[in-house]
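In: Give me coordinates for this.
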Amino acid sequence: QVQLVESGGGLVQAGGSLRLSCAASGGTFSRYRMGWYRQAPGKEREFVAAISWNGGTIYYGDSVKGRFTISRDNAKNMVYLQMNTLKPEDTAAYYCAGDDKIALMRRDYDYWGQGTQVTVSS
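Out: Residues are numbered from 1 along each chain as shown. The predicted model follows:
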């Protein structure tokens, strides 16, 4: 049973930074593509970032390019999302996702975390 647990969310002022972490257990993490998604109240889930199993390929959603950085540490079974220059519109629940599919941009991840709330005040 694969488990993904996010942490690091919180309240931050606009222009500030947060680092989200996702701890994986129960699977072969080093083989997994990993992604971050977010969902604000009343809105559809939005793609934020994705990283291939070895970190060699990375994609970002247009709204976070240049501000967010995804990374992973396969030795620790961790994936991170460094969020800089945060804006009020970044306020959402952030979810970590992963599986062993090859196509990095597919949205049908097999495993999802429970989410961590990020609130950016203006």
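
In: Just give the closest residue to the residue positioned nearest the centre of the chain, not the sequence neighbours.
Out: Closest to where the C-alpha atoms of the chain average out (Cα atoms, centre = their mean) is residue 36, at 2.4 Å. In this structure, residue 36 finds its nearest non-sequential neighbour in residue 48, 4.2 Å apart by Cβ to Cβ, 6 or more residues apart in numbering. To be clear about C-beta, it is placed using only N, CA and C from the backbone, and glycine gets the same treatment.

In: residue contacts, the one you found?
Out: Residue 48 makes contact with 35-38, 60-61, 64, 68, 70, 81, 94, according to Cβ atoms under 8 Å, 6 or more residues apart in numbering.

In: element containing it?
Out: strand 46-51 (DSSP states H and E).

In: same question, residue 72
Out: Going by DSSP H and E, residue 72 is part of strand 68-73.

In: buried sites along that strand?
Out: 68-70, 72 (16 or more other Cβ atoms under 10 Å).

In: Nearest to residue 101 among these?
Out: residue 72 (15.9 Å; Cβ to Cβ).

In: nearest residue to that closest one other than its sequence neighbours?
Out: Nearest to residue 72 is residue 79, by Cβ to Cβ, 6+ apart, at 4.5 Å.

In: Check residue 25 too.
Out: With Cβ to Cβ, 6+ apart, the residue lying closest to residue 25 is residue 3, at 5.0 Å.

In: ok so, going back, report pLDDT for the residue nearest to residue 72.
Out: pLDDT for residue 79: 98.

In: That one: what secondary structure?
Out: strand (DSSP: H, G, I helix; E, B strand; the rest coil).

In: Tell me who's in contact with the nearest residue to residue 2 once chain neighbours are set aside.
Out: Among residues not flanking residue 2 along the chain, residue 27 sits closest, at 3.9 Å (Cβ to Cβ, 6+ apart). Residue 27 makes contact with 2, 98, 111, according to Cβ under 8 Å, 6+ apart.
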